[in-house]
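Need coordinates for the below:
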Amino acid sequence: MPITDTLFDDFIHVRPRLTILVRLARGGWVEFTQVRQSVGCSDSALSKQVSALQEAGYTEVCKMTERRRRRTWIRLTEQGRSALLRHLDALERLAAQVRGPVSHRRP
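Model prediction:
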C-alpha cells in the first residue's frame, strides 16, 4: 500500500488535530479546558484548531454561560468519528508494513 492511501487524512494528521479528535472520541461533550489539557497547547492555538475541525464538519461547538462564566463544549460529529477511524485504519496499515508478520519480529 502506498503512503498516498486515500484513507490517510493529511488534515487530521496534524498532531494537535489528531490529539483533539482522539480525546473527543471517548464520547460526549468535553469542556474546552479538558481538551486543552489533553492537547497541551494555549487557548488560542486550541481555538484555532477546533475552529478548523468545526469548519471541516468534524467537531461541533456549544458555548454557554453558566454561573456568569462563559464555557465552551466540544464534541466529535459522526463525520469526524468516521474520518478519524479511516485515518487510524490507514496508520495501522502503514505500521503493519513496517512491522511485517508477527512471526518475523524479534523477541
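
what about stretch 82-101, distance to the chain center?
Relative to its parent chain, stretch 82-101 has a centroid offset of 15 Å by Cα atoms, centre = their mean, to the nearest Å.

when you give positions from now on, start the count at 51
Will do, 51 is the new start, and the previous item becomes stretch 132-151.

Now for Gln87, how many residues are close by?
Per other Cβ atoms under 10 Å, the neighbour tally for Gln87 reads 12. Heads up, the C-betas are built off the backbone N, CA and C, glycines and all.

now do Arg121
When neighbours are counted by other Cβ under 10 Å, Arg121 registers 13.

what's across from it in the sheet?
Judged by DSSP bridges, the bridge partners of Arg121 are Met114.

wait, what's in contact with it?
By Cβ atoms under 8 Å, 6 or more residues apart in numbering, the contact set of Arg121 is Glu81, Phe82, Lys113, Met114, Thr115.

would TSV of those residues with neighbour count and pLDDT be doable?
Below are the contacts of Arg121 laid out as TSV (neighbours: other Cβ atoms under 10 Å; pLDDT from 0 to 100):
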residue	neighbour count	pLDDT
Glu81	12	95
Phe82	18	95
Lys113	9	93
Met114	9	91
Thr115	8	88
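
with those in mind, which one is nearest to Lys98?
Distance to Lys98, by Cβ to Cβ, is smallest for Phe82 among the contacts of Arg121, at 12.7 Å.

quick one: the residue at minimal distance from the centre of the chain and Arg136, what's the gap?
Nearest to the mean C-alpha position of the chain, by Cα atoms, centre = their mean, lies Leu71 at 2.0 Å. Plainly put, Leu71 is 12 Å away from Arg136 if you go by Cβ to Cβ, to the nearest Å.

Kindly report the same for Arg67.
In terms of Cβ to Cβ, Arg67 sits 14 Å off from Arg136.

circling back to that earlier point, tell me the one of the contacts of Arg121 nearest Leu96?
Of the contacts of Arg121, the one sitting nearest to Leu96 (Cβ to Cβ) turns out to be Phe82, at 7.1 Å.

Count residues in the vicinity of the residue nearest to that closest one when sequence neighbours are not counted, would you?
Leaving aside its sequence neighbours, Phe82 sits nearest to Thr122 (Cβ to Cβ, 6 or more residues apart in numbering; 4.0 Å). For Thr122, the count of nearby residues is 19 (other Cβ under 10 Å).
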